[in-house]
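In: A predicted structure for the sequence below; I have some questions about it.
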Amino acid sequence: MTQQATENVNAKQLAGQNFREGYNCAEAILRAYRDVLNLDISDSALRMASGFGGGLGHAGCMCGSLTAATMVLGMLQGRVTNEESREPVYTSAQQFHGLFEEKFGATCCRMLNPHPYDSRDHLRNCLKITGNTAELLQKFIEDKQLAE
């Protein structure tokens with residue numbers, strides 16, 4: 001997909017739509033980027049994101065949106081063999097982690113969203129975080145020219 005085509009599809013809106021349809025934050029991001037960047041991710045592979053919602057299954061740890069964004073970066077820069085360098089994706093993951101923390105003030109789900117799980121305030125806050133993470137990732141990918 002060309003950069004121009006990437007810009008025509010709004011990852012923020014698509015991730016938000018996915019979240020409103022009942023996908024958790026990680027699923028919503030990964031699904032959105034599968035479509036935005038036309039990534040080769042099967043429906044079966046999407047299952048891998050399901051456990052990351054709620055900061056690893058309600059544990060409140062690493063935000064699922066950030067985890068899924070890192071999965072997307074892995075799809076773009078990850079390695080297939082141990083002979084390939086892992087540094088490009090490590091660098092991108094670390095840089096994006098820093099941008100995420102700068103934007104939201106934390107990376108831990110329980111710090112980002114202190115509301116009771118599945119409450120109206122919790123869902124509203126997760127929707128904002130999910131959409132804004134998708135938007136932040138789209139800008140990061142475009143700025144770093146990671147997509148074809």
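Out: Great, that's in hand. Numbering: from 1, shown residues only.

In: Next up, phi/psi of the residue of the chain most remote from its centre, please.
Out: The centre of the chain is farthest from one residue, E83, which by Cα atoms, centre = their mean lies 26.8 Å away. Per-residue torsions, E83: phi -90, psi -20 (degrees, to the nearest 10).

In: Check it and give its pLDDT.
Out: E83 carries a pLDDT value of 97.

In: Go ahead and flag the most central residue of this protein.
Out: So for the chain, Cα atoms, centre = their mean, it's A69, sitting 2.8 Å from the centre.

In: which residue packs closest to that one, ignoring adjacent ones?
Out: Sequence neighbours aside, L137 is the residue nearest to A69 in space, at 4.7 Å (criterion: Cβ to Cβ, 6 or more residues apart in numbering). In short, each C-beta sits where N, CA and C put it, glycine included.

In: Let me see the contact set for that neighbour.
Out: Residues counted as contacts of L137 (Cβ atoms under 8 Å, 6 or more residues apart in numbering) are 11, 29, 33, 69, 72, 96.

In: Which residues belonging to the one helix or strand it maps to are considered buried?
Out: Using DSSP states H and E, L137 sits in helix 120-144. Neighbour counts over helix 120-144 (16 or more other Cβ atoms under 10 Å) mark 126-127, 129-138, 140-141, 144 as buried.

In: how many degrees apart are the helix or strand harbouring the residue nearest to the centre of the chain and helix 120-144 in direction?
Out: According to DSSP H and E, A69 maps onto helix 64-77. Counting by axes from the mean of the first three to the mean of the last three Cα atoms, to 10 degrees, helix 64-77 points 20 degrees away from the direction of helix 120-144.

In: got the buried residues for helix 64-77?
Out: Buried residues in helix 64-77 (16+ other Cβ under 10 Å): 64-73, 75-77.

In: wait, what's in contact with L112?
Out: 63, 104-106, 125, 129.
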